[in-house]
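Student: Requesting a structural model of the entry that follows:
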Amino acid sequence: MRRTALAALCLTTVAAAGLTGCLPGEDKADSKPKGPFAGLTGGEIADRSLTTTTAASSLRLKGDIPDDESGGTILIDMALNKKGECAGTLSFKGQGKADMVKTGDTIYMKYDEAFLRAQSDGESKADTDAVVDMMAGKWTKMSAKGEDAKDIASFCDLKSMLGGAEDGNSDATRGKTTTLDGTPAIALHEKDGKDTYTLYVATEGKPYVLRIDSVSAKDPGTLTFGEYEKPVPAKKPTGKILDLDALGS
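Tutor: The predicted structure follows:
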């Protein structure tokens, strides 16, 4: 359902549309190698960071991305791993929020009223009110293997999300060093026509990607990456859970 937009920013920005079009000889920050990644070009740092990031078994993604279907913006805050587990939230600007957990082959979601009403666009008021009364603020579950759940489950597949990003061969240019949420980092810049991209890479410890900024008419937005290799808190919610598969049978 929505993975295309996420992949466009998370992967295309880094591995395809971004970090591929810089003109040779523009990497002025490399003319006098010193400090973090001394002697490496911006492209070499970017390639190294993508390899390290895609090797992570778990991480947390947070930020805003365009939604190809609605033309709006999705806000995502999700911890996920290569086992296909996840825990976090998805929301749409001005259109509510949904909590989401996937563990095993089951997806658990809890929707607020604004989310349900926005997703019921075109339905009668009576039908929409009935859905809100039944589901708002309550945990639901459905099989991750169900036809209706496949696109939602893709948000929890870290391997799929990051697949292909390690194939870099970047021509990014080095920027200034900075600090992001207490982590020392270096900025790498890329320009593709009128679109510009900035990739921030950790300069201490493993060279993980920390943030991607996209200034693009097609895919604007920012994604932050963190909590690498930490356990994903994907646990079955407690209390009563509404079985959506049973309702649809």
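Student: Spatially, which residue comes closest to residue 157, not counting chain neighbours?
Tutor: Nearest residue to residue 157 in three dimensions, chain neighbours excluded: residue 84, at 5.5 Å (Cβ to Cβ, 6 or more residues apart in numbering). For glycine as for every other residue, the C-beta is placed from the backbone atoms N, C-alpha and C.
Student: Surely that neighbour touches residue 153?
Tutor: Yes. Using Cβ atoms under 8 Å, residue 84 makes contact with residue 153 at a distance of 7.4 Å.
Student: Pull out the buried positions in the helix ranked longest in the chain.
Tutor: When the chain is parsed with DSSP state H, its longest helix is helix 42-54. By 16 or more other Cβ atoms under 10 Å, the buried positions in helix 42-54 come out as 42-50, 52-54.
Student: Just checking, which helix or strand succeeds that helix along the chain?
Tutor: Helices and strands here follow DSSP states H and E; after helix 42-54, the next one along the chain is strand 58-66.
Student: This structure: helices as residue ranges?
Tutor: Using DSSP H, helices in the chain cover 3-7, 42-54, 113-119, 125-135, 150-153, 158-162, 244-248.
Student: Can you say which of those helices is nearest to residue 225?
Tutor: Closest approach to residue 225 among these (Cβ to Cβ): helix 42-54, 6.9 Å.
Student: taking the mean pLDDT, what do you get for that closest one?
Tutor: Over the span of helix 42-54, the pLDDT mean works out to 91.
Student: what helices or strands is that helix leaning on?
Tutor: strand 173-180, strand 183-192, strand 195-202, strand 209-215 (3 or more Cβ pairs under 8 Å, 6 or more residues apart in numbering; DSSP states H and E).
Student: let's see 6 Å
Tutor: Contacting helix 42-54 under the criterion 3 or more Cβ pairs under 6 Å, 6 or more residues apart in numbering; DSSP states H and E are the following elements: strand 195-202.
Student: Find the centremost residue of this protein, please.
Tutor: residue 61 (4.6 Å; Cα atoms, centre = their mean).
Student: List the contacts of it.
Tutor: By Cβ atoms under 6 Å, 6 or more residues apart in numbering, the residues touching residue 61 are residue 78.
Student: do the same with residue 245
Tutor: With the criterion set at Cβ under 6 Å, 6+ apart, residue 245 makes contact with 142-143.
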